[in-house]
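> Need coordinates for the following:
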Amino acid sequence: MKWKFKHFALLTVLLVLACAKDSPDPLAPSDASQHDQTDLSNFETTHKRGAVVQHAQLGPFMPAGPFGGPTNLLVPGTFFAPTKGSNVHLLRGKNFIQFQMHTTGLPAGAYTVWYIIFNNTDICTTPNPAGGFCGEPDLFGDETAVVWATGGIVQSNGVGNFGDRIRVGEERSETIILGSDIDFPLTNPAGAEVHLIVKYHGAASSDPDVLYGQTHTLLGNCGENDGANSFDGGPGFGIQCFDPQLAVFPPPN
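Modelled structure (predicted):
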């Protein structure tokens, strides 16, 4: 079985779907990257003008890591759970999916948001601890994609507002994994399972070029001395930015 890769730094994405804390995980890099196991399986689905709208919870995922040097702003090991008022909605149209996210409890800084799209849940084998049908072993499935959604800056109030629409047939340069049976990230908007990952890239830079990397790439400002409270992914993976929050949308019933 083969996969098409458009980026070699995959560990952070892999960890999004990691097994529960008490299960051995050969990919887990360190205690600092242990995951919150909040159950996010309280979903609500409505139908509106031929489209399906899903409402899901955001939850904490990874704690701040120890790497980043003297400019780190966060205490390693700290989780960042959303506070009251956080919500995320996924709209499934005929040829697209679209989300709107309002979240709270984030540390100030620069962020990216990533889709993990399991276009065919019938081939998933391992449910995710946070809810949904697809887990870590399914990440490299033939119809799975990991792709950049959007990015932005969160101010000191901890509020993040993010949104994006991706269409069937749309290609994006920052596609991390593309399954061998698909030519673009989204092929099944009605039936795909969608995970949304919020990734922290440190304090927002005043340098436009650095800030672009912080809001548009997987590893922007994530180095050992870049001040992003990153973690060590181990041999072959290196230093990675951490993912403070996530949301999971299984296929609608």
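> show me where the stretch 151-253 of the chain has helices.
In the stretch 151-253 of the chain, the helices defined using DSSP state H, counting those that start in this stretch lie at 208-216.
> Ranking helices and strands of the protein by mean pLDDT, which lands last?
helix 11-16 (a mean of 41; mean pLDDT, DSSP states H and E).
> what about residue 70, how many residues close to it?
For residue 70, the count of nearby residues is 6 (other CB atoms under 10 Å). For the C-beta atoms, the positions are set from N, CA and C on the backbone; glycine is no exception.
> Start at 424, not 1
All set: I'll call the first residue 424, so the last point we hit is now residue 493.
> mind listing what it touches?
residue 650 (CB atoms under 8 Å, 6 or more residues apart in numbering).
> Would you list the phi and psi of it?
Backbone torsions of residue 493, given as degrees, to the nearest 10, read phi -70, psi -10.
> next one: residue 582
The phi/psi pair for residue 582 (degrees, to the nearest 10) reads phi -90, psi 130.
> how far away is it from residue 652?
Here residue 582 is placed at a distance of 19 Å from residue 652 (CB to CB, to the nearest Å).
> who's more crowded, those two?
residue 652 (29 against 16).
> Is the most centrally placed residue in the chain bridged to anything, and to what?
Nearest to the geometric centre of the chain sits residue 620, at 1.8 Å (CA atoms, centre = their mean). Assessed by DSSP bridges, residue 620 has beta-bridge partners residue 537, residue 669.
> Would you check that it makes contact with residue 669?
Yes: Residue 620 is within contact range of residue 669, at 5.2 Å (criterion: CB atoms under 8 Å).
> Poorly predicted segments of the chain, please.
Applying pLDDT under 70 to the chain flags the ranges 424-467, 469-472.
> where do the strands sit along it?
All strands of the chain, identified by DSSP state E, fall at 426-428, 467-471, 474-479, 482-483, 510-515, 519-526, 532-541, 567-577, 583-590, 598-602, 616-623, 654-655, 662-663, 668-672.
> highest average neighbour count across the ones you listed?
Stretch with highest mean neighbour count among these: strand 668-672 (a mean of 28; mean count of other CB atoms under 10 Å).
> That one packs against which elements?
strand 474-479, strand 482-483, strand 616-623 (3 or more CB pairs under 8 Å, 6 or more residues apart in numbering; DSSP states H and E).
> quick check: angle from that strand to strand 583-590?
Relative orientation of strand 668-672 and strand 583-590, computed by axes from the mean of the first three to the mean of the last three CA atoms, to 10 degrees: 40 degrees.
> I would like the residues contacting strand 668-672, please.
With contact meaning CB under 8 Å, 6+ apart, strand 668-672 is reached by 439, 463-464, 466, 477, 479-484, 503-505, 511, 513, 524, 526, 528-529, 551, 553-555, 616-621.
> repeat that with 7 Å
The contact list for strand 668-672, computed with CB atoms under 7 Å, 6 or more residues apart in numbering, reads 439, 463, 477, 479-484, 503, 505, 511, 513, 526, 551, 553-555, 616-621.
> ok, now stretch 502-509?
With contacts defined as CB under 7 Å, 6+ apart, stretch 502-509 is touched by 459, 481, 483, 486, 525, 526, 527, 528, 529, 530, 667, 668.
> So which bits of that stretch are buried?
Neighbour counts using 16 or more other CB atoms under 10 Å place 502, 503, 504, 505, 509 of stretch 502-509 among the buried residues.
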